[in-house]
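Novice: Requesting a structural model of the entry that follows:
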Amino acid sequence: MSDERDIPYAPQSPDTGTDHVIVPVKIEEALGAAAMALICLISFGNVLTRYFTNISFAFTEEFSVVLLAFMTFVGASAAFASNEHIRITFFLQRMPRPLRWLCEAITVVVTTILFAMIVYYGAQVTYDEWFWGETSAGMGNPVWLYTIWLPILSIAIILRVLGRAYARLIRRPGSM
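Specialist: Sure, this is the predicted structure:
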């Protein structure tokens with residue numbers, strides 16, 4: 001019986017194995033779930049407060065936006081670790097192995113450059129907000145406490161991308 005990967009145009013299911021992962025993906029999943037739960041609790045609490053008292057909590061939008069961005073970056077990190085990131089599999093699955101390898105390598109390079117730029121500019125923005133003592137409009141909290149997660153989580157994504165690249169492109173290049 002032949003492997004479907006040997007058939008030139010056979011559809012293939014993506015490799016979602018996480019056997020290469022040193023740090024468990026469950027960490028990102030738990031952090032994302034916690035952020036989503038906090039968003040739900042904060043929003044629900046605000047709805048109840050507005051309904052019963054006609055007063056709105058000032059911090060709900062501020063915290064919800066930060067938690068949503070946090071959840072997005074944590075989810076992206078988990079997606080890259082488990083090879084579930086967005087890609088056009090219809091075309092990729094129909095390519096010969098060497099071309100798939102090249103597309104995967106290009107994806108790694110472009111993704112790493114993108115998130116490295118986010119680390120660089122996010123760190124600059126965070127430093128400027130800290131240096132100038134910028135505070136948020138709703139709660140008066142230091143804004144750098146919100147933006148510091150941008151470069152930190154981008155570093156986590158870069159590490160996940162490079163770990164997945166090592167597993168797929170270097171250690172097991174024939175698994176594509």
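Novice: Next up, the contacts around residue 127.
Specialist: Applying CB atoms under 8 Å, 6 or more residues apart in numbering, we find residue 127 in contact with residue 144. Placement of C-beta: from N, CA and C, glycine included.
Novice: and it, that one's in a helix?
Specialist: Yes: assessed by DSSP: H, G, I helix; E, B strand; the rest coil, residue 127 belongs to a helix.
Novice: Could I get the contacting residues of residue 66?
Specialist: 146, 149.
Novice: Give me the distance between it and residue 118.
Specialist: Distance of residue 66 to residue 118, given as CB to CB, to the nearest Å: 16 Å.
Novice: try residue 71
Specialist: 16 Å.
Novice: helix or strand for the residue nearest in space to the middle of the chain, which one?
Specialist: Residue closest to the average C-alpha location in the chain (CA atoms, centre = their mean): residue 76, at 1.8 Å. Element membership of residue 76, judged by DSSP states H and E, is helix 59-81.
Novice: Looking at that helix now, give me its mean pLDDT.
Specialist: For helix 59-81, the mean per-residue pLDDT is 92.
Novice: Distance from that helix to the middle of the chain?
Specialist: Helix 59-81 sits 8 Å away from the centroid of its parent chain (CA atoms, centre = their mean, to the nearest Å).
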